[in-house]
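K.L.:
Give me a 3D structure for the following:
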Amino acid sequence: MVNTYVLIISVFISLLHVASAEYTVSSEVTFYGARDNCPPGASIAYPVIHTEAGGIGTHADPITFAGAPKCFRPGTRIYNPRLKKYFIMEDECEECEQDWENRKYHVDCWIGPPTLTAGTELIACENALTVDSETIIVDPNSTLPVDTTPLFNGATEKCIAVSYTHLRAHETGRNLVCRL
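P.N.:
This is a model prediction of the structure:
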């Protein structure tokens, strides 16, 4: 009887280990800040480790990302190799949910700042960082290289340097997308 319990517990632990093994997906990666969050500000739908959108990009303090809850459960960590940052699913994204209906991965990453002070520079930074498709790591291990440089510095209104850009024509200062 004891051996049966040990076997059941061993199988359960093995299943947990398999369920948390990292894997890669190709995803659209977009960005949002307080100005184009809905409602405006840093509120999030699924507080897991933050009470509002934030983070510095380490495994211990990942940056908030919004996604489709049917695709990424709240609390799921991802890693973006291009940005060398960890993110955690803590918010919802209407566009991401629509994309997931077609089984297209889409994550919308918090760029900050938590206040509405930034305008055109924030949107320009979001546009510069956005890519239609790149590999991200889901449930990554905690030892990947990290760059804690803010993606957008609200005080200086400067964007982190990126290796390539992609403009999102539908998100301009005149036509902001509201994420619900």
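K.L.:
what's the longest strand in the chain?
P.N.:
What stands out as the longest strand in the chain, according to DSSP state E, is strand 23-32.
K.L.:
Show residues contacting that strand.
P.N.:
Applying CB atoms under 8 Å, 6 or more residues apart in numbering, the external contacts of strand 23-32 come out as 66, 80, 93, 95, 99, 104-111, 125-126, 129-139, 151, 168, 179. Quick note: C-beta positions are derived from backbone N, CA and C, even for glycine.
K.L.:
To which secondary structure element is the most centrally placed residue in the chain assigned?
P.N.:
The geometric centre of the chain, computed from its C-alpha atoms, lies nearest to Phe65 (CA atoms, centre = their mean), at 2.7 Å. Element membership for Phe65, per DSSP states H and E: strand 63-67.
K.L.:
neighbouring strands for the next helix or strand after that strand, and are they parallel or not?
P.N.:
Toward the C-terminus, strand 63-67 is succeeded by strand 77-80 as the next helix or strand (DSSP H and E). When sheet partners are counted by DSSP bridges, strand 77-80 sits next to strand 85-92 (antiparallel), strand 131-138 (antiparallel).
K.L.:
Out of these, which gets nearest to Tyr46?
P.N.:
When the strands paired with strand 77-80 are ranked by proximity to Tyr46, the top entry is strand 85-92, at 5.0 Å, counting by CB to CB.
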